[in-house]
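**Student:** Pasting the sequence and the predicted model now:
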Amino acid sequence: EVQFVESGGGLVQAGESLTLSCVASGFTGVDPAIGWFRQAPGKEREGISSIRRSDGVTYYAESTEGRFIISADNAKNTVYLQINNLQPEDTAVYYCAGDSFGVGGLSEQRYFYWGQGTQVTVSS
């Protein structure tokens, strides 16, 4: 069974940094691509970043403005999302998801497997 488990969310002050973790398990065969998405209150879910486990190619949304860094530790089946200089508008539930075809990108239609999400709240 494929599973994704996010962790690392919480309540932080504006300007601080946070690193989210996503542990993926249950994949067999093709190395998946892992994406990070977020959904703010009252807004649609948006793609933030993704990384391909096969070759490390990354994608970022323009809205990340260089504050987000995605990385992977394949030995630990874990993908990280570091968020620097957090702002109140970053408040959202952050999800990781898996693209079993290994392509990645920011379109959620590519992703079949999803975690339950981790809440990030940024106070001003």
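**Tutor:** Alright, I've got the coordinates. Residues are numbered from 1 along each chain as shown.
**Student:** which residues of this structure score low on pLDDT?
**Tutor:** Residues of the chain that meet the criterion pLDDT under 70 lie in 29.
**Student:** Pick out the residue closest to the middle of it.
**Tutor:** With the centre of the chain defined as its mean C-alpha position, the nearest residue by CA atoms, centre = their mean is residue 36, 2.2 Å away.
**Student:** quick one: the helices in this structure?
**Tutor:** With DSSP state H as the definition, the chain shows no helices.
**Student:** Do a quick rundown of the strands in it.
**Tutor:** Counting by DSSP state E, the segments of the chain that form strands are 3-7, 10-13, 18-25, 33-39, 46-52, 58-60, 68-73, 78-83, 92-99, 113-114, 118-123.
**Student:** So which of the ones you listed is nearest residue 106?
**Tutor:** Ranking the strands of the chain by their distance to residue 106 (criterion: CB to CB) puts strand 46-52 first, at 3.1 Å. Any C-beta I mention is one placed from the backbone N, CA and C, and that applies to glycine too.
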